[in-house]
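Peer 1: Dropping the sequence and predicted coords here.
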Amino acid sequence: MIEKNGAREPDSAVCAADSKEMRAVLLTGFGGLNKLKVTKKPMPEPQEGEVKIRVKACGLNFLDLMVRQGNIDNPPKTPLVPGFECSGIVEAMGENTKGFEIGDRVMAFVNYNAWAEVVCTPLDWVYKIPDEMTFPEAAAFCMNFVAAYMMLFEVANLREGMSVLVHSAGGGVGQAVAQLCSTVPNVTVFGTASPFKHEAIRHSVTHLFDRNVDYVAEVRKISPDGVDIVLDCLCGENTGKGLGLLKPLGTYILYGSSNMVTGETKSFFSFAKSWWQVEKVNPIKLYEENKVMAGFSLLNLLFKQGGCSQVKTAVQKLLSLYNEKKIKPLVDSLWALEEVKEAMQRIHDRGNIGKLILDVEKSPTPLVSNLLG
């Protein structure tokens, strides 16, 4: 079940199977874990401008849990193959597709369909990965580090001497934020996380608090004026707290709403509670207090708003930092496709430190029932 990120895999691509079918995780309908199964699907072929990738590893994010529940705006129709990011080897290219060669090691964004043995995705969403980067690291890179980078440097304009509060500091984005803040001199990072994660992540932030305590008071004890940047993936009552902690000219960024997820299935009560607890923001008050309130959705930027060039620039800058050994994706654990339910439960329980990865070539442990159907 849980394996740490291992050594780099060999570069040789897996030979295409005689069959034109592939294994994939299928979400049969919105709801609980029982809506997920591993099945056979027809293998996709690249269209014009697309790259076909033999997948080695896929990223698993909290957003995937919300998709499974149908707890997002305008959810797609089911059945569908979940997943938004993967890494692997280029196996083929569609017409008018330049810049890659068969056998290239790559990571990619995918507009769903990532949790499969083969994906096809537009050229502009694919990036070559360094020789030293493992496939699990690459699958942990795109979503978390690009989101963290763009929020810190494109939206909030992080500079030397600033202070940042980040919730869920032990998760994939939280750890990416902490690493990126360390690349700027004298940045103070305040983090909140579940107590059992503190020992493992204490070194990555300046000050760490229990997510269930009054973190506002704790931050004020250390920094009476508050902080320059708040990165909030929780929403609900934390929105008002975050805005209240901002210094003049500070920036609050909402990039998730995990407080809406409590049980295994979508809860109207949790949604209503979270919505009700959000402080109604008065623009005049923002103006009077010199505060900035922003939102950030990486996937909307990329898939709906034509942000390919901005994302590609961020990826290039991040890969430079990786090559300089200033950042490194933190992989929590590796899971077989057949273990997707157990992996998703670990995210639901907020048990991960760093990123959970679906390892396409990994065999499930004997204790995990085979979901192949």
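Peer 2: It's in. These figures come from a predicted structure and were not determined experimentally.

Peer 1: mind checking the longest helix of the protein?
Peer 2: In the chain, assigned by DSSP state H, the helix with the most residues is helix 308-323.

Peer 1: State the helix or strand in which the residue lying closest to Val110 once chain neighbours are set aside lies.
Peer 2: Nearest non-adjacent residue to Val110, counting by Cβ to Cβ, 6 or more residues apart in numbering: Thr121, 4.7 Å away. For every residue, glycine as well, the C-beta is placed using N, CA and C. Element membership for Thr121 (DSSP states H and E) is strand 118-122.

Peer 1: Check the model's average confidence along that strand for me.
Peer 2: Across strand 118-122, the average pLDDT comes to 98.

Peer 1: just the angle between that strand and helix 308-323, please?
Peer 2: Between strand 118-122 and helix 308-323, the angle comes out at 120 degrees (axes from the mean of the first three to the mean of the last three Cα atoms, to 10 degrees).

Peer 1: for the record, mean pLDDT for the helix or strand following strand 118-122?
Peer 2: Sequence-wise, the next helix or strand downstream of strand 118-122 (DSSP H and E) is strand 126-128. Strand 126-128 shows a mean pLDDT of 98.

Peer 1: Please list the outside residues in contact with strand 126-128.
Peer 2: 51, 53, 90, 100, 104-108, 142, 312, 315, 319 (Cβ atoms under 8 Å, 6 or more residues apart in numbering).

Peer 1: Report the buried members of those.
Peer 2: Applying 16 or more other Cβ atoms under 10 Å to the contacts of strand 126-128, the neighbour count classes 51, 53, 90, 100, 104-108, 142, 312, 315, 319 as buried.

Peer 1: now, which of those sits nearest Gly32?
Peer 2: Of all the buried ones among the contacts of strand 126-128, Cys142 has the smallest distance to Gly32: 27.5 Å, by Cβ to Cβ.

Peer 1: Leaving out the residues flanking it, which one is nearest to that closest one?
Peer 2: Glu85 (4.5 Å).

Peer 1: before we move on, what about Leu33?
Peer 2: The shortest distance from Leu33 to any non-neighbouring residue, by Cβ to Cβ, 6+ apart, is to Lys341 (4.5 Å).

Peer 1: Okay, and which of the buried ones among the contacts of strand 126-128 map to helices?
Peer 2: Those of the buried ones among the contacts of strand 126-128 lying in helices (DSSP H): 142, 312, 315, 319.

Peer 1: So, low pLDDT: which residues of the stretch 51-200 of the chain?
Peer 2: Judged against pLDDT under 70, the stretch 51-200 of the chain has no low-scoring part.

Peer 1: which residues in it form strands?
Peer 2: 85-93, 105-109, 118-122, 126-128, 163-166, 188-193 (DSSP state E, counting those that start in this stretch).

Peer 1: by contact count, what packs against the longest one?
Peer 2: In this structure, strand 85-93 makes packing contacts with strand 50-60, strand 105-109, strand 118-122, helix 135-139, judged by 3 or more Cβ pairs under 8 Å, 6 or more residues apart in numbering; DSSP states H and E.

Peer 1: okay, these in JSON lines with distance to Met151 next?
Peer 2: Conversion of these to JSON lines gives the following (distance: least, Cβ to Cβ, whole Å):
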{"stretch": "strand 50-60", "distance to Met151": "18"}
{"stretch": "strand 105-109", "distance to Met151": "17"}
{"stretch": "strand 118-122", "distance to Met151": "24"}
{"stretch": "helix 135-139", "distance to Met151": "21"}
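
Peer 1: No further queries at this time; thank you.
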